[in-house]
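**Q** predicted coordinates and the sequence they were generated for:
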Amino acid sequence: MSSFQHPQLAVPPPLMMSETGSFAHLTLTQRWPAIAQRTIAENDFSPDIITNLESLVRELFEGKVRLLEDDHAADQAEWATYLHPYLNQSWLEVPWFLAEVYFYRRFLEATQYFQPGAWQGLDPFYTQKHIGLITSLEKVRAVSSQIDSLHQSNDRSKPDVAWEAHVVLLLHNALWGNQADLSLKPTVDLVFQSDAGSEQEQTQKTHVLVNDTDKLLEWLAKRGKERSHRVDIVADNAGLELVCDLYLIDWLLAQPTPFTVYLHLKIHPIFVSDATIADVHHTLTALSNDGEESVQNLAERLRNYVAIGRLQLGADPYWVSPLALWQQPQRLYRELSQSDLVILKGDANYRRLLGDCHWSFTTRFEAIVSYFPSSLLALRTVKSEIIAGLQPEQIEPLNQTDPNWLTSGEWGVIQFADLPHLTLQQSAGESSG
């Protein structure tokens, strides 16, 4: 992954599993074994699958990187290419992002996800996702009530103020919903406050390290009504975060300016709680069965948008690959270049965007993402040791205030880059696909 050069900038070294004291090293030694143990406990796996998973955990410490052995999987050739530089090396010698995606792909191999039989196509993380969704429904109702209250309290004599208030609320919910990551914590206590002066809201505001909301508002305000506009959202986690994304989508599709929204999901389970197309339908079913009418209505509206094609669900195989976003295949580049705005959700997608490399924290965000084919908004709570776009004077106070600020998920960014649309020939993102 590190051998592929960024179109405009020299790429720094990637984050490595071997960096002692790093979150990557902690991931291998503690997080992944715990994820495997919990998944075994929550599934009625056959003895051979349990053996496979236990062997995978041992391999993290004792084994070497090998090719996939999924004869029925369509991605074996691609993975052979990804792994070729690292074959027979220890897991600690592999770049973190590649190792992490490889771990979850090996997890599917171990659970026979692609093999014909009883376990084919069954999400090994379904139980965790389902519990995460059901236990968050009270918070979902709070979000719904919060949005309804804002709508009812709007001063109709000041429509611009009301419009901005809706955007800010939905953006911040979509941002902080990203804290709910089952690969980090089984449960996350998220609080969505309707009181604009609440301590929770004030804390969240001060914990947004880069806040380009005003730039986005200006961009949205310039969208004319003479043509339809396309917004693409690259989803991250299922559960509460996905519901917050669905409220944002619902708002976009209700605007006078006609929007079409493309929601990009994962083609198969990965990172425990990442959202698949099946997770979207499961979520809409849960919302439609909720006792709160406003929650039911959200599900009904979204299903109608899907039926008429204004909300489209897609899952390109790229999103489960270990490639940087500047290595995206032509098919995806062409797709995203048709978008007026791409909203990139979450930590893993942010890591793709920056190639999971050791950029200086003060490197200009716009300079790194200049290769991207459309205007871009990144909504991400910080859960890994990679970030760009900070001011020099921010870093030392952060280190003093929260020594774990890079991995705690308590800090976030709303980063916007109003990028010109380029042709494929102008982009260096022309990999095959």
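**A** Happy to help now that I have it. Quick caveat: nothing in here was measured; it's all calculated off a predicted structure.

**Q** P7 contacts W326, correct?
**A** Yes. At 6.1 Å, P7 counts as touching W326 under the criterion of C-beta atoms under 8 Å. Every C-beta, even on glycine, is put in place using the N, C-alpha and C of the backbone.

**Q** how near is the residue lying closest to T127 once chain neighbours are set aside to A238?
**A** Of all residues not flanking T127 in the chain, E42 sits nearest, at 4.3 Å (C-beta to C-beta, 6 or more residues apart in numbering). From E42 across to A238, the span is 15 Å (C-beta to C-beta, to the nearest Å).

**Q** more neighbours, those two?
**A** A238 (32 against 15; other C-beta atoms under 10 Å).

**Q** how near is that one to D123?
**A** A238 is 10 Å from D123, by C-beta to C-beta.

**Q** what sits in contact with each of those two?
**A** K129, T276 (C-beta atoms under 8 Å, 6 or more residues apart in numbering).

**Q** show me where the chain has its strands.
**A** 208-211, 229-234, 259-264, 311-314, 341-345, 375-381, 412-417 (DSSP state E).

**Q** P7 and W326 - which one has more neighbours?
**A** Neighbours per residue (other C-beta under 10 Å) separate P7 from W326, with W326 holding more: 26 against 14.

**Q** quick one: that one and Y371 touch, right?
**A** Yes. Here W326 reaches Y371: they are 4.7 Å apart, a contact under C-beta under 8 Å.

**Q** show the contacting residues for the nearest residue to K64 once chain neighbours are set aside.
**A** Closest residue to K64 apart from its sequence neighbours, by C-beta to C-beta, 6+ apart: N88 at 4.8 Å. Shown in contact with N88 (C-beta under 8 Å, 6+ apart): K64, V65, R66.

**Q** repeat for E241
**A** By C-beta under 8 Å, 6+ apart, the neighbours of E241 are A174, G177, N178, Q179, A180, K345, G346.

**Q** rerun that using 10 Å as the cut-off
**A** 132, 136, 173-181, 188, 190, 235, 273, 275, 345-346, 379, 381 (C-beta atoms under 10 Å, 6 or more residues apart in numbering).

**Q** which ones among those lie within helices?
**A** G132, N173, A174, L175, W176 (DSSP state H).

**Q** redo those residues as CSV? Include neighbour count.
**A** Formatted as CSV, these follow (neighbours: other C-beta atoms under 10 Å):
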residue, neighbour count
G132, 24
N173, 24
A174, 25
L175, 25
W176, 26
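
**Q** pick the one among the residues you listed closest to R58.
**A** Closest to R58 out of the ones in helices among the contacts of E241 is G132 (28.3 Å), distances taken as C-beta to C-beta.

**Q** which residue comes closest to that closest one once chain neighbours are left out?
**A** G239 (4.0 Å).

**Q** now do P317
**A** Nearest to P317 is I267, by C-beta to C-beta, 6+ apart, at 5.4 Å.

**Q** residues touching the one you found, list them.
**A** By C-beta under 10 Å, 6+ apart, the neighbours of I267 are A74, D75, T276, I277, G314, A315, D316, P317, Y318, W319, V320.

**Q** so S360 sits right up against A10, yeah?
**A** No. Under the criterion of C-beta atoms under 10 Å, S360 is not in contact with A10, lying 11.9 Å apart.

**Q** who's more crowded, these two?
**A** Between S360 and A10, S360 has the larger neighbour count (other C-beta under 10 Å), namely 12 against 6.

**Q** how about the contacts made by the more buried one?
**A** Contacts of S360 (C-beta under 10 Å, 6+ apart): P12, I387, A388, L390, P392, I395.

**Q** make JSON lines out of the residues you listed and add pLDDT, neighbour count and distance to Q330.
**A** Shown next, in JSON lines, are the contacts of S360 (pLDDT from 0 to 100; neighbours: other C-beta atoms under 10 Å; distance: C-beta to C-beta, whole Å):
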{"residue": "P12", "pLDDT": "95", "neighbour count": "15", "distance to Q330": "26"}
{"residue": "I387", "pLDDT": "98", "neighbour count": "24", "distance to Q330": "29"}
{"residue": "A388", "pLDDT": "98", "neighbour count": "23", "distance to Q330": "26"}
{"residue": "L390", "pLDDT": "98", "neighbour count": "17", "distance to Q330": "33"}
{"residue": "P392", "pLDDT": "97", "neighbour count": "9", "distance to Q330": "38"}
{"residue": "I395", "pLDDT": "97", "neighbour count": "16", "distance to Q330": "38"}
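
**Q** tell me the two of those that are most distant?
**A** P12 and P392 (17.6 Å).

**Q** okay, stretch 142-153 in PDB with CA atoms only?
**A** Coordinates of each C-alpha in stretch 142-153 appear next as PDB, following Å, rounded to 0.1, in the frame of the first residue of the first chain:
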ATOM      1  CA  ALA A 142     -34.500  11.100  21.700                       C
ATOM      2  CA  VAL A 143     -32.900  12.100  18.300                       C
ATOM      3  CA  SER A 144     -36.400  12.100  16.700                       C
ATOM      4  CA  SER A 145     -37.800  14.200  19.500                       C
ATOM      5  CA  GLN A 146     -34.900  16.600  19.200                       C
ATOM      6  CA  ILE A 147     -35.500  17.100  15.500                       C
ATOM      7  CA  ASP A 148     -39.200  17.500  15.900                       C
ATOM      8  CA  SER A 149     -38.700  20.000  18.700                       C
ATOM      9  CA  LEU A 150     -36.400  22.100  16.500                       C
ATOM     10  CA  HIS A 151     -38.900  22.000  13.700                       C
ATOM     11  CA  GLN A 152     -41.800  23.100  15.800                       C
ATOM     12  CA  SER A 153     -39.800  25.900  17.500                       C
END
